[in-house]
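Peer 1: What follows is a predicted structure for the sequence shown.
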Amino acid sequence: MSDLVRLEVEDGIGTVRLDRPPMNALNAEIQHGLVAACREAAERSDVAAVVVYGGEKVFAAGADIKEMETMSYTDMVDHSGLLQDFTRALARLPKPTVAAVTGYALGGGCEVALACDWRVAAEDARLGQPEILLGIIPGAGGTQRLARLVGPARAKDLVLSGRFVDAREALAIGLVDRVVPAAEVYTASRELVSRYVGGPSYAVRAAKEAIDRGLEVDLETGLEIERQLFAGLFATRDRATGMRHFVEKGKGPAPFEGS
Ligand code: DAK
């Protein structure tokens, strides 16, 4: 894994820490590191949920413009898959994820936050997709995930203008889920996902997958995805534990084992 991205695990929560001062600009190394950190977080049984955090000052100010500036069309054809891979790896992580957003989350940085299940923002956070101001458009899911999250009109407002939104506006349009004082962003993000530690992890995984995959297809196909994932949970011990616990002792929490 890259020095620019660390996976730190404490009390069942993995923190994917971006660490490339001053702005956590997402160069190729940090993009590779993010993919590796997501893979490790997905595989480790001591990680129930993930917080993506860029430190106290900034989440990430986007792809590294200085690195991109020298790239040709064919460079981009050859390497652009990676730019989508790091947000895809995050979006597909089969565990709950939250972006702890301090300072700027711009361009690829905003796209990293969009690939998480939730976003907790500092009062002074600023989010946006300013790629248009560089003569390009978002390329790591910004046109797609942003439109799905806040609706096409608001997404077009942000993507076509490149303007930044402050935390208050981001909350109002549904771009972030909570706004807290800057000093509390990381703790609040951990709190948000701590309820999944010690939970029925295969059911949590199936619920996330059913919602995410279902949103991409028609209702009947989505219901079929849900049906199959539902039936599959009858192969887990946690399903048996949860139901036995209710029948014998009343409503939970049941002593789930994540198996
Ligand atoms: N890349 C490289 N360096 C950056 C950077 C970035 N994105 N953002 C900031 N920096 C650097 C600045 O150049 C400056 O470096 P020095 O001059 O000190 O060497 C240092 O960080 C501090 O920045 P400022 O001096 O500008 O600080 P301010 O507080 O005045 O302003 C700012 C902070 C974040 C508002 C400003 O720096 C800014 O506007 N930064 C650029 C934000 C931006 O445009 N982000 C979008 C980048 S494009 C793709 C997938 C994804 C993408 C592309 C393709 N495919 C799959 C094909 C993604 C594209 C992007 O994200």
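Peer 2: Structure's in. What do you need?

Peer 1: Give me the pLDDT value at the most centrally placed residue in the chain.
Peer 2: Nearest to the mean C-alpha position of the chain, by CA atoms, centre = their mean, lies C116 at 1.5 Å. Reported pLDDT at C116 in the predicted model: 98.

Peer 1: where exactly do the strands run in the stretch 51-200 of the chain?
Peer 2: Here the stretch 51-200 of the chain has its strands, by DSSP state E, counting those that start in this stretch, at 97-101, 104-106, 118-122, 126-128, 164-166, 178-180.

Peer 1: If you count neighbours, what's buried in the fifth one?
Peer 2: What it means is strand 164-166. For strand 164-166, a neighbour-count test (16 or more other CB atoms under 10 Å) marks F164, V165, D166 as buried. For the C-beta atoms, the positions are set from N, CA and C on the backbone; glycine is no exception.

Peer 1: near the ligand, which residues of this structure?
Peer 2: Contact residues (CB under 6 Å from any ligand atom) of the chain with the ligand: 22-23, 25, 61-66, 76, 80, 83-84, 104, 106-108, 130-131, 134, 139-140.

Peer 1: Check which helices and strands the lowest-mean-pLDDT helix or strand in the chain is in contact with.
Peer 2: One helix or strand of the chain scores below all others by mean pLDDT, DSSP states H and E: helix 73-91, with a mean of 88. When contacts are defined as 3 or more CB pairs under 8 Å, 6 or more residues apart in numbering; DSSP states H and E, helix 73-91 packs onto helix 28-43, helix 108-114.

Peer 1: For those helices, could you give me JSON lines that also reports mean neighbour count?
Peer 2: Compiled in JSON lines, those are given as follows (neighbours: other CB atoms under 10 Å):
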{"stretch": "helix 28-43", "mean neighbour count": "20"}
{"stretch": "helix 108-114", "mean neighbour count": "30"}
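
Peer 1: Could you say which one of those helices comes nearest to R227?
Peer 2: helix 28-43 (24.5 Å; CB to CB).

Peer 1: Which elements pack onto that closest one?
Peer 2: Counting contacts by 3+ CB pairs under 8 Å, 6+ apart, helix 28-43 is packed against strand 5-10, strand 13-18, helix 73-91.

Peer 1: would CSV of these with mean neighbour count be doable?
Peer 2: Output for the helices and strands packed on helix 28-43, formatted as CSV (neighbours: other CB under 10 Å):
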stretch, mean neighbour count
strand 5-10, 16
strand 13-18, 23
helix 73-91, 15
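
Peer 1: from the buried residues of strand 164-166, which is closest to the ligand?
Peer 2: F164 (7.6 Å; CB to the nearest ligand atom).

Peer 1: beta partners of the closest one?
Peer 2: Beta bridges link F164 to G128, judged by DSSP bridges.

Peer 1: Can you name the residues that contact it?
Peer 2: Neighbouring residues of F164 by CB atoms under 8 Å, 6 or more residues apart in numbering: Y104, L106, R126, L127, G128, P130.

Peer 1: okay if I get the residues you listed as a markdown table plus pLDDT?
Peer 2: As requested, those are exported to a markdown table (pLDDT from 0 to 100):
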| residue | pLDDT |
| --- | --- |
| Y104 | 98 |
| L106 | 98 |
| R126 | 98 |
| L127 | 98 |
| G128 | 98 |
| P130 | 98 |
